[in-house]
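Undergrad: Quick check, what structure comes out for this input:
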Amino acid sequence: MVQQLHVTSLSGGRLCQSSGILRKGVQAAKMKHYEVEILDAKTKDKLCFLDKVEPNATIGEIKSMFHKSHPQWYPTRQSIRLDAKGKSLKDEDVLQQLPVGTTATFYFRDLGAQISWVTVFLTEYTGPLVLYLMFYFRVPFIYASKYDFSTSKHWVVQ
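TA: Numbering: from 1, shown residues only. Coordinates of the predicted model:
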């Protein structure tokens, strides 16, 4: 049986919600829950407080919980860190395996808008192809007007 918990708290003037999931066969009284506080890495302002987070929650799940209260920062845009200037934690890292107590303090940094690898690939290969075609077809602003849109005498160009 999976039971859904919803906890709501007010932090920094913003409503912040936490949702923990209890795994099958685990009693709520026996489980040691964590409290997760998320601060802005630059200003150290409290952005969110997540109460009753399960010990085997991953950073990816914490990012999803944070996204519920701050929809403008979707999980791939978030960088969660143990130290304000430290390295980002991986999404696969488990909360109970990190060097934190029952009250964990994480630092959030906005990575900015993210683009997909397909967009990167298309952008990377479209540029050289367009440049090659401009020289191949001898566009007037590259060559003199007497050579524009004409074929070359040399077979290497073909």
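
Undergrad: Touching, Val100 and Arg81? I think so.
TA: No. Between Val100 and Arg81 no contact is recorded; they are 11.9 Å apart, counting by C-beta atoms under 8 Å. For glycine as for every other residue, the C-beta is placed from the backbone atoms N, C-alpha and C.

Undergrad: Looking at those two, which has the bigger crowd around it?
TA: Between Val100 and Arg81, counted using other C-beta atoms under 10 Å, the more crowded position is Arg81 (17 against 14).

Undergrad: Just give the closest residue to that one, not the sequence neighbours.
TA: In space, and not counting its chain neighbours, Arg81 is closest to Tyr107: 4.6 Å by C-beta to C-beta, 6 or more residues apart in numbering.

Undergrad: Quickly run through the sheet partners of the helix or strand containing the one you found, with directions.
TA: Under the assignment given by DSSP states H and E, the secondary-structure element containing Tyr107 is strand 103-110. For strand 103-110, the paired strands and their directions (DSSP bridges) are strand 34-40 (parallel), strand 78-81 (antiparallel).

Undergrad: Which pLDDT value goes with the residue nearest to Arg81?
TA: For Tyr107, the model assigns a pLDDT of 95.

Undergrad: Same check on Gln97?
TA: Among the per-residue scores, Gln97 holds a pLDDT of 90.
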